[in-house]
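Q: Give me the fold of what follows.
(one chain, ligands or ions: 1)
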Amino acid sequence: MKMISLDRLWTPAPANLVLSKDEVHVWCASLDQSASRFQQLTKTLSQDEQLRADRFRFEKHRQRFIIGRGVLRAILGRYMNIEPSQLRFCYGSHGKPALATASPTGMLDFNLSHSGGVALYAFARDRQIGIDIESLRPVSEVEQIADRFFSIREYEELRAFPPSQQHNAFFRYWTLKEAYVKATGLGLSLPLNKFEVSLAPGDSAVLLKTSVDAQVPDHWSLMELSVGHGYAAAIAVKGDSWRLKYWQWLT
Ligand SMILES: CC(C)(COP(=O)(O)OP(=O)(O)OC[C@H]1O[C@@H](n2cnc3c(N)ncnc32)[C@H](O)[C@@H]1OP(=O)(O)O)[C@@H](O)C(=O)NCCC(=O)NCCS
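A: Numbering: from 1, shown residues only. Model (predicted):
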C-alpha cells in the first residue's frame with residue numbers, strides 16, 4: 001500500500017472517536033489498498049455505487065472509486081455507530097453526496113476529494129463543509145488559467161508571489177476555491193470568479209466576497225491543510241469557532 005509522507009499532524013484516530021459540534025475532522029486515506037481490504041470495502045457499497053464503479057474504463061480508477069467510497073462508509077459508520085453497508089446517501093442537484101438520514105446526534109456533514117492515490121475526507125456537525133486536494137503537478141500557463149478563472153484581485157495577488165512560488169500558490173488558491181464551491185454544493189456550476197479568496201503572503205486564507213452568501217462572507221472559514229510534500233489542500237466550513245483534527249485512516 002502506497003501512502004504519501006504525511007505531515008506529523010496526521011495520527012491514527014482513537015477507538016472511542018467523537019466528533020463534537022465545535023470540531024471539524026479531516027481524514028487522509030490511501031486509495032491503493034491490499035486485495036483483501038479492497039474485497040472488504042467492495043462489499044459495503046450499494047448497488048448504485050457498484051454500477052457507477054463498473055462504468056470506469058480503467059481498472060485502477062474503478063478500484064480507487066470503490067476504495068474511496070468504502071473508506072467514506074467505514075468512517076461514517078464509526079461516527080454513527082452503524083454498519084457501513086447500512087448507510088444511505090442522497091445527492092444534491094449538482095451531485096454533492098449527503099446522508100439520507102440524520103444521525104441521533106445531529107446532522108453529519110461531510111465531503112471528500114481525491115487526487116491520484118490519496119483521498120481526503122472532511123466531517124462536521126450541522127455545518128456545510130467542502131474539501132479539495134490537488135497534487136502539485138506541472139501545469140504550464142498558470143497565469144493564463146488564473147487570468148481566465150480567478151478574480152482580478154486574486155490574479156494580481158498570485159502575480160505578487162515570487163516567480164519560484166507562483167506554481168504552488170496557484171494550487172493553493174485553486175484548492176481553497178474548490179473547497180468553497182464544494183461546501184456550497186454548487187460545484188463548478190458556481191463560476192470561480194463569482195467569489196474571491198485572499199491568500200496574501202504570510203496571512204491565512206479568507207473569503208472576501210461571494211455572490212452565494214451576499215452579506216456574510218465572514219460566516220465562512222477557509223483553511224489550508226498541511227498534507228505532505230507534493231500536495232495542496234484546503235477546507236471551507238460554514239461558521240467559525242471550530243477546531244480542526246487530523247486523522248489518518250489505516251484500517
Ligand atoms: C464537484 C466537483 C467540484 C469535483 O471536483 P474534482 O476536483 O474533480 O473532484 P474531487 O476529487 O475534489 O471531488 C470529488 C468528490 O466530490 C463529491 N462531489 C460531487 N459533486 C459535488 C458537489 N456538487 N459539491 C460537493 N461535492 C461534490 C463527490 O463525493 C466526489 O467524489 P466521488 O465521485 O468519488 O463520490 C466538480 O466535479 C463539479 O463541479 N461537479 C458538478 C457537476 C454537476 O453540476 N453535476 C450536475 C448533475 S449531477
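Q: And the residue of the stretch 151-251 of the chain that's closest to the ligand?
A: The ligand sits closest to residue 187 of the stretch 151-251 of the chain, with a gap of 2.5 Å, by CB to the nearest ligand atom. Every C-beta, even on glycine, is put in place using the N, C-alpha and C of the backbone.
Q: least trustworthy helix or strand in the protein by mean pLDDT?
A: Using mean pLDDT, DSSP states H and E, strand 206-210 stands out as the lowest-scoring helix or strand of the chain, at a mean of 76.
Q: So what are the sheet partners of it and their directions?
A: If you go by DSSP bridges, strand 206-210 pairs up with strand 195-198 (antiparallel).
Q: what's the following helix or strand after the least confident helix or strand of the chain?
A: For strand 206-210, the succeeding helix or strand toward the C-terminus, using DSSP states H and E, is strand 220-224.
Q: tell me what that following strand is packed against?
A: Using 3 or more CB pairs under 8 Å, 6 or more residues apart in numbering; DSSP states H and E, the elements in contact with strand 220-224 are helix 163-184, strand 206-210, strand 231-238.
Q: Let me have those in TSV, adding mean neighbour count as columns.
A: Putting these into TSV (neighbours: other CB atoms under 10 Å) gives the following:
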stretch	mean neighbour count
helix 163-184	21
strand 206-210	17
strand 231-238	25
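Q: rank the ones you listed by pLDDT, which is bottom?
A: Here the lowest mean pLDDT among these goes to strand 206-210, at a mean of 76.
Q: which residues are in contact with it?
A: 153, 180, 194, 195, 196, 197, 198, 217, 218, 220, 222, 236 (CB atoms under 8 Å, 6 or more residues apart in numbering).
Q: buried subset of the residues you listed?
A: 180, 195, 196, 197, 198, 217, 220, 222, 236 (16 or more other CB atoms under 10 Å).
Q: what about the strands in this structure?
A: Along the chain, counting by DSSP state E, strands occupy 11-12, 23-30, 89-91, 97-99, 108-115, 118-125, 129-135, 195-198, 206-210, 220-224, 231-238, 243-248.
Q: among those strands, which is nearest residue 157?
A: For residue 157, the closest of those is strand 195-198, at 6.7 Å, according to CB to CB.
Q: I figured residue 145 hits residue 170, correct?
A: Yes - applying CB atoms under 8 Å as the test, residue 145 and residue 170 come out as touching, 7.3 Å apart.
Q: Show me whatever sits in contact with both of these two.
A: Counting by CB under 8 Å, 6+ apart, the residues touching both residue 145 and residue 170 are residue 139.
Q: Break the protein down into its domains, please.
A: 22-131+240-248, 133-238 (automatic domain parsing).
Q: residues contacting the nearest residue to residue 205 once chain neighbours are set aside?
A: Spatial nearest neighbour of residue 205, excluding adjacent residues (CB to CB, 6 or more residues apart in numbering): residue 222 at 4.3 Å. Shown in contact with residue 222 (CB under 8 Å, 6+ apart): 176, 179, 180, 197, 205, 206, 207, 234, 235, 236, 237.
Q: Pull the distance from the least confident helix or strand of the chain to the chain's centre.
A: Taking CA atoms, centre = their mean, to the nearest Å, one finds strand 206-210 lying 19 Å from the centre of the chain it belongs to.
Q: my guess is residue 119 meets residue 33, correct?
A: No - Residue 119 is beyond contact range of residue 33, at 10.9 Å (criterion: CB under 8 Å).
Q: shared neighbours, the two?
A: By CB under 8 Å, 6+ apart, the residues touching both residue 119 and residue 33 are residue 67.
Q: re earlier: quickly, which of the domains of the chain bottoms out on average pLDDT?
A: Taking the mean pLDDT of each of these, the lowest value is held by domain 133-238, a mean of 87.
Q: What's the end-to-end length of that one?
A: 19 Å (CA to CA, to the nearest Å).
Q: residues in contact with residue 187?
A: Applying CB under 8 Å, 6+ apart, we find residue 187 in contact with 94, 95, 96, 181.
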